[in-house]
Structure formats: C-alpha cells, structure tokens
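S.K.: coordinates only, no sequence provided:
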C-alpha cells in the first residue's frame, strides 16, 4: 500500500509540475519563458526561449521522477523532485522572489515538486 501511495504521489506531482510550467508564474510569464539564470540570481522582467528557460530543469526533473518510478529506484526520484523545486525554491529562499508575487503556475510547480519528494521518501 505504501508503494502504491508513493507511485501515485510521484506521478501526480510530476503531472502538476509539468502543467504548472506552462501557466503564469510571475508577472504573467510562464515557466517556459522565465530565464534559467533567475533561479540563481535576481529576478528580472526579461523573457527567454524554452531551451534556456527554467522549464529545462523542471523537464529533466520530471523525466528522472518518471524513469525512476519505472525502475523502482528512489535516489533518482529524489534528485528529480529537487530539480523540479530548484527554479522556485532557490529564489524564494534567497529573497530574490517574494511569495506574494507568485501566480498559479508557480504554486503548481512547488506543490508538484513537494508531492514528488514525498513520493520518493515513501519509496525508499
């Protein structure tokens, strides 16, 4: 039962993070147009292409979560969940981004990353 709950939480988290990446995060920008550099520095109003956006980390994290579910490996699932959280958790932790500025997509990515992390914890 614990294994099933872990799988469901991880899958729901991955889907929520994927959906949230295409929704507005901050100032109407989606995760596919938020520069990756903003995860490690100050926030700007600039936009970027999806190839150099925060979506890259989220996509890699989602792939790691799903593949580790198929292979029953908890370590890559934890890494994937952390990669999902990085584009929003680091700016929030370093005060480059305020919680009040976030929109629905950012909340969906945060909740998805936390659910995937809980699923990974239950899997181990």
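M.R.: Right, received. Where do you want to start? Being a predicted model, the structure only gives us computed values, none of them experimental.

S.K.: next one: the residue nearest the centre of the chain from residue 17, what distance?
M.R.: For the chain, residue 84 is the residue whose C-alpha lies nearest the centre (C-alpha atoms, centre = their mean; 2.6 Å). Using C-beta to C-beta, to the nearest Å, residue 84 is found at 5 Å from residue 17. Heads up, the C-betas are built off the backbone N, CA and C, glycines and all.

S.K.: contact partners of the helix or strand where residue 13 lies?
M.R.: Per DSSP states H and E, residue 13 falls inside helix 2-20. By C-beta atoms under 8 Å, 6 or more residues apart in numbering, the surrounding residues in contact with helix 2-20 are 31, 58-59, 61-62, 65-66, 69, 77, 81, 84, 104-123.

S.K.: mind running it again at 6 Å?
M.R.: Counting contacts by C-beta atoms under 6 Å, 6 or more residues apart in numbering, the residues outside helix 2-20 that touch it are 58, 62, 65-66, 69, 84, 105, 108-109, 111-113, 115-116, 118-119, 122-123.

S.K.: how about residue 25, secondary structure?
M.R.: strand (DSSP: H, G, I helix; E, B strand; the rest coil).

S.K.: so which residues of the chain form strands?
M.R.: 24-26, 29-30 (DSSP state E).

S.K.: now residue 24: how far from residue 4?
M.R.: Counting by C-beta to C-beta, the gap from residue 24 to residue 4 is 33 Å.
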